[in-house]
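Student: starting from these lines, generate the structure:
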Amino acid sequence: QVQLVESGGGLVQAGGSLRLSCAASGRTLVMAWFRQAPGQEREFAASISRNGMSTYYSDSVKGRFTISRDNVKNTMYLEMNSLKPEDTAVYYCAASRLFDSVRSTTSDKYDYWGQGTQVTISS
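Tutor: The predicted structure follows:
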């Protein structure tokens, strides 16, 4: 069983930046960030293959967010720039033990989940 722990959330003004981290306790294949805004369903944001060479983004974050990972540290990151109030959500990291496709954009592809970290963007 792999444990995932997110960190880096907080409150920033619109236009600002934040960097989220997700530390894994073991080896994983594709990893991803999902987010869930109040009253909405959890949605895919970005994913990265195990070797870090492939990434995939939702249209809502493409061009503003950058996903990366350091397999030596077993840590994944999400650099978020040009933040908007609509980016406000709880951000979850997820990891798969079976799939290594960055097109894994649905929750059922992921076996391990973090507890979530709150990101709030003020206007």
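
Student: please make it C-alpha for all contacts and neighbour counts, starting now.
Tutor: Will do.

Student: what helix or strand is the closest residue to residue 88 other than its chain neighbours located in?
Tutor: In this structure, residue 88 finds its nearest non-sequential neighbour in residue 120, 4.6 Å apart by Cα to Cα, 6 or more residues apart in numbering. According to DSSP states H and E, residue 120 maps onto strand 117-122.

Student: tell me the bridge partners for the residue nearest to residue 88.
Tutor: residue 11 (DSSP bridges).

Student: run a quick neighbour tally on it.
Tutor: 21 (other Cα atoms under 10 Å).

Student: how much space separates it from residue 24?
Tutor: To residue 24, residue 120 is 24 Å away according to Cα to Cα, to the nearest Å.

Student: could you dump the strand holding residue 120 to CSV, C-alpha only?
Tutor: Taking C-alpha atoms only, strand 117-122 is exported to CSV below (Å, rounded to 0.1, in the frame of the first residue of the first chain):
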residue,chain,number,x,y,z
THR,A,117,-4.9,20.2,0.3
GLN,A,118,-7.0,23.3,0.1
VAL,A,119,-6.2,26.0,-2.5
THR,A,120,-8.2,29.2,-2.2
ILE,A,121,-7.8,32.1,-4.7
SER,A,122,-9.2,35.4,-3.8
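
Student: for it, packing partners?
Tutor: strand 10-13, strand 89-95 (3 or more Cα pairs under 8 Å, 6 or more residues apart in numbering; DSSP states H and E).
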